[in-house]
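Asker: any chance you can model this:
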Amino acid sequence: MRLAHRHDSRRNGVHRCGIDYRRFGGGLCLLAIEFTHGHDCARVYDRVKRELSRLKDIPSFSLYMHSNQDVIHCRYDGSDLEWKHSVRPYVAAVLTDEIIQRYEVLFVEKLIKEHYQYREPNEREQVMELARDMLAGERPEIPEARRSAERKTVLYLAIHEYLSNQSVFYWNPFLTFCIGNYERYLQYLTEVVIEEYQMEQEYQTVVDELRSYVEIVQPKVQELHLWYENRDHFWLVDMEGNQWGPQQRMKHTESTLVFEKGLPPTERIISPIASIAPKRLYIYTSQDDGVIQTLRAIFQERLNARSFAQWHFSI
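Answerer: Here you go, the predicted structure:
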């Protein structure tokens, strides 16, 4: 009962010291940020103080840390309009950045541990590395990674709404109970990370199999030359200049080496080249897309990249 009474009083803007943080004196706006752990309070205080020091055009704003180092007091004696549309949104943005930089990776790691069975430390770290890359927007080839910045908006809106309705921001309870939409977004992103990781593992397994095949099988030709503009515009010829068209490529493709399972046989590039297993593969291109990267991973030192200007065959 005492705990319930304590929280009810705080909802009304009254701190444990009996101060109403919504108003103090003539027009003074107060906001308290309360922490369970002093080290969290000190860290956030340093960040807020550093960030808010940039608001030199708002001299009426100040903050200080409670003597017990578990509460940050934000004081502002300017206009209500400036508080609502300038200072409070800025505080919300600073707190958003702090939560994302300090806790986000921990949130995702917790989700991965709770919902997916990755017992090997090395495997977990690979998953987390992919997650960090996606959160940083460093995997633009993954559509969901390009949307990852939306999570910041979701979290900011939750914090701003809380600050708009409460005069005391309870740091730990907020992180536990008030970030539902943000947490759901991270959960969705985690599912994408796991799916992408599994696809990359499958991709690497297939590439390893193709590389092993190329290394041990007898080459069907000594040289193959690939003119590659993109997936839709390419030509394949041998060292005599004989073109390997769709029918010939299909004829020489090993059924166990089909890499591009979603493509019609006539449009496949990697599978027939790996099946032919040339001793030397010359690629004439200005691209570095998935096709080129995969061929490079399969043939390694047997691949020779050239410019279009070096192409000397007639098509």
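
Asker: buried sites along the lengthiest strand in the chain?
Answerer: Longest strand in the chain by number of residues (criterion: DSSP state E): strand 223-230. For strand 223-230, the neighbour count (16 or more other Cβ atoms under 10 Å) marks 224-228 as buried. C-beta coordinates here come from the backbone N, C-alpha and C atoms, glycine included.

Asker: again, but for stretch 285-296
Answerer: Result for stretch 285-296 [16+ other Cβ under 10 Å]: buried residues 285, 291-292, 294-296.

Asker: quick one: contacts of that stretch?
Answerer: The contact list for stretch 285-296 (Cβ atoms under 8 Å, 6 or more residues apart in numbering) reads 207, 226-231, 259, 269-270, 273, 281, 283, 303, 305, 307-308.

Asker: can you select the buried ones from those in ChimeraX?
Answerer: Buried subset of these, written as a ChimeraX selection, criterion 16+ other Cβ under 10 Å:
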select :207,226,227,228,259,269,270,273,281,283,303
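
Asker: is Ile33 bridged to anything, and to what?
Answerer: Ile72, Phe169 (DSSP bridges).

Asker: ok, it - contacts?
Answerer: 41, 44, 48, 71-72, 74, 95, 168-169, 171.

Asker: who wins for neighbours among these?
Answerer: Leu95 (24 neighbours; other Cβ atoms under 10 Å).

Asker: wait, a strand at Asn304?
Answerer: Yes: according to DSSP: H, G, I helix; E, B strand; the rest coil, Asn304 belongs to a strand.

Asker: so which of the buried residues of stretch 285-296 sit within strands?
Answerer: When DSSP E defines the strands, the subset of those inside them is Thr285.

Asker: and for Leu155, nearest residue in space, chain neighbours not counted?
Answerer: Nearest residue to Leu155 in three dimensions, chain neighbours excluded: Tyr182, at 4.3 Å (Cβ to Cβ, 6 or more residues apart in numbering).

Asker: give the rounded mean pLDDT of the helix or strand hosting the one you found.
Answerer: If you go by DSSP states H and E, Tyr182 is part of helix 180-216. The pLDDT scores in helix 180-216 average 92.

Asker: for that helix, buried residues please.
Answerer: 182-183, 185-186, 189-190, 192-194, 196-197, 206-207, 210, 213-214.

Asker: what is the nearest of the contacts of Ile33 to Ser86?
Answerer: Ranked by distance to Ser86 (Cβ to Cβ), the contacts of Ile33 are led by Cys74 at 13.2 Å.

Asker: now that closest one: how far from Leu157?
Answerer: In this view, Cys74 and Leu157 are 20 Å apart by Cβ to Cβ, to the nearest Å.

Asker: got it, and Met199?
Answerer: Taking Cβ to Cβ, one finds Met199 at 32 Å from Leu157.

Asker: please apply the same query to Thr190.
Answerer: 21 Å.

Asker: ok, now Leu257?
Answerer: Distance from Leu257 to Leu157, by Cβ to Cβ: 50 Å.

Asker: element containing the closest residue to Arg88 other than its chain neighbours?
Answerer: Using Cβ to Cβ, 6+ apart and skipping residues adjacent in sequence, the residue nearest Arg88 is Leu163, 5.6 Å away. In the assignment (DSSP H and E), Leu163 maps to helix 150-165.

Asker: now do that helix against helix 180-216, angle only.
Answerer: 170 degrees (axes from the mean of the first three to the mean of the last three Cα atoms, to 10 degrees).

Asker: let the chain start at 43 from now.
Answerer: In the new numbering, first residue 43, that becomes helix 192-207.

Asker: for helix 192-207, packing partners?
Answerer: helix 130-157, strand 210-212, helix 222-258 (3 or more Cβ pairs under 8 Å, 6 or more residues apart in numbering; DSSP states H and E).
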